[in-house]
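Chemist: Just to be clear, the model below is a prediction. Sequence and coordinates:
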Amino acid sequence: MRAETMLFVKDVEATSKWYQEVLGMQSGHGGPEFEMLMDGDTLLLQLHQLDADHDHGVGLSAPVGHGVLVYIHVPDAHEAYERVKALDVPILAELQYNPQAGMTEFTVRDPNGYAIGVCRSKWG
């Protein structure tokens, strides 16, 4: 079993560029309505145009991202944190070790308002 995350966004191409620049993801699909962000052959995140003709039954009248924290696992949380700071990305929670989850993490907000936890766990 596995889960995949799809974020509904205002501008797919700009959001894709942000994730590529800030977190090092690669485009696996590209385009103005839909994107698949990858790490090699692994799908990490899907982006979908907010006002596209279909919403997959989600219903998008409420604010996007409310109550959701999307974790992105990276090889080095310290390096990612320094890159985020250098790019002046708004940091919601500073770099810290979370003993309950066993990971080093920090939280940023993406261009669409989603909270993104960037982390490196002790499990790999």
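Modeler: Okay, I see it. Residues are numbered from 1 along each chain as shown.
Chemist: Off-centre distance for the longest helix along the chain?
Modeler: When the chain is parsed with DSSP state H, its longest helix is helix 12-23. The chain centre lies 9 Å from the centre of helix 12-23; the measure is C-alpha atoms, centre = their mean, to the nearest Å.
Chemist: got it, and stretch 101-121?
Modeler: 8 Å.
Chemist: Just the CA atoms of that stretch, as CSV, please.
Modeler: C-alpha atoms of stretch 101-121 as CSV (Å, rounded to 0.1, in the frame of the first residue of the first chain):
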residue,chain,number,x,y,z
ALA,A,101,8.8,11.4,15.1
GLY,A,102,12.6,10.7,15.2
MET,A,103,13.4,13.2,12.5
THR,A,104,15.0,16.6,12.0
GLU,A,105,12.5,18.9,10.4
PHE,A,106,11.4,22.4,9.6
THR,A,107,8.2,23.8,8.0
VAL,A,108,7.8,26.3,5.1
ARG,A,109,4.8,27.6,3.3
ASP,A,110,4.6,27.0,-0.5
PRO,A,111,3.3,29.7,-2.9
ASN,A,112,-0.3,28.4,-2.5
GLY,A,113,-0.4,28.5,1.2
TYR,A,114,0.3,24.8,1.9
ALA,A,115,2.4,24.0,4.9
ILE,A,116,5.4,21.8,3.8
GLY,A,117,7.4,19.9,6.4
VAL,A,118,10.9,19.2,5.2
CYS,A,119,12.5,16.4,7.1
ARG,A,120,15.2,13.8,7.4
SER,A,121,14.2,10.8,9.6
